[in-house]
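Enquirer: Here is my input, please return the structure:
(2 chains)
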Amino acid sequence: MNRICQSLLRPSYRIPAALNGGASASAATTPGSILCRFFAADAATGAAVDKATMDKLVRTNKVVVFMKGNPQAPRCGFSNAVVQIMRMHGVQYDAHDVLQNESLRQGVKDYTDWPTIPQVFIDGEFVGGCDILLQMHQSGDLIEELKKVGIVSELLKAEEAKQQDDKAK
Amino acid sequence: MSKYDSKYLEEKLKRELQTEYVSVTDESDGCGGKFSAVIVSPAFSGKTLLQKHRLVNSTLSEELKEIHAFSQKSYTPEEWEKVKAQ
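Expert: Numbering: from 1, shown residues only, chains lettered A, B, ... in the order given. Here you go, the predicted structure:
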């Protein structure tokens, strides 16, 4: 598995032009970074983001991550772990930095009744934090969950390509 | 900083969740802000991964207000046997 992971950390991911157009979204542009839209601060302060807003936020993409820092510069080991897992699976996702927005930080915690950040949503459903994502990654369940929403994991593709190779030999 | 230590957390989890095995490690060099835990309890039976973690979070809801980082691996006794065999 490690060999597969390493082979996926190649600098071949590119950002489609369509993703670069959003007003509040800035896409990753560094070479080797994974496809992802990063939503920076709207500098909101005051009350926690309400449920109706959260309902929309968690559905802006098939996979949405609330984290500390952004995917290019995570500012917490647990958030970093989630970013690395997403990268290995080649998942395109939306990321929100809760450190830039206290209302969002409290809003997402209230929304899920979950005490910690990062928090990962697939198809609008709360999946879990770092521990759960790591465990799903290790068990293979993450590949299955991604498949349900039409995302084919890069790890699965690599596995299948390897099987094809083996057959051909 | 928190006023909790590994032993306190282990005893609380053991008491509340009737754990068959519980091991809490202080990863904060003693300041009590960061722990990781392995928890084995029949209370997890039939629960999804998310539900297991929620059960632990709610058991330690007061403590987690002060503990900055808490990482858990939560297993049913059956799952734990498989993990140990690996």
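
Enquirer: In chain B, mark out all the helices, start to finish.
Expert: B:6-17, B:49-59, B:61-64, B:77-85 (DSSP state H).

Enquirer: How far off centre is the first one?
Expert: Spelled out, it's helix B:6-17. Distance, stretch centre to chain centre, for helix B:6-17: 8 Å (CA atoms, centre = their mean, to the nearest Å).

Enquirer: same question, the last one
Expert: Averaging C-alpha coordinates over helix B:77-85 and over its chain gives two centres that are 16 Å apart (CA atoms, centre = their mean).

Enquirer: Mind listing what's buried along that helix?
Expert: Buried positions in helix B:77-85, judged by neighbour count with 16 or more other CB atoms under 10 Å in any protein chain shown: B:Trp80. For the C-beta atoms, the positions are set from N, CA and C on the backbone; glycine is no exception.

Enquirer: and chain A, which residues reach chain B?
Expert: Proximity of chain A to chain B, by CB under 8 Å from any CB of the partner chain, involves residues A:78, A:113-116, A:126-132, A:135-136, A:141.

Enquirer: which of those are buried?
Expert: A:Phe78, A:Trp114, A:Thr116, A:Phe126, A:Val127, A:Gly128, A:Gly129, A:Cys130, A:Asp131, A:Ile132, A:Gln135, A:Met136.

Enquirer: Just the helices from chain A, written as ranges.
Expert: A:2-8, A:51-57, A:77-89, A:102-112, A:130-139, A:141-148, A:154-168.

Enquirer: Those helices into a markdown table, with extra columns for distance to B:Leu17 and mean pLDDT?
Expert: Below are the helices of chain A laid out as a markdown table (distance: least, CB to CB, whole Å; pLDDT from 0 to 100):
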| stretch | distance to B:Leu17 | mean pLDDT |
| --- | --- | --- |
| helix A:2-8 | 34 | 37 |
| helix A:51-57 | 30 | 95 |
| helix A:77-89 | 23 | 97 |
| helix A:102-112 | 22 | 95 |
| helix A:130-139 | 17 | 95 |
| helix A:141-148 | 23 | 96 |
| helix A:154-168 | 34 | 92 |
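
Enquirer: With B:Lys12 as the reference, name the closest of those helices.
Expert: Comparison of those against B:Lys12 by CB to CB identifies helix A:130-139 as nearest, at 18.9 Å.
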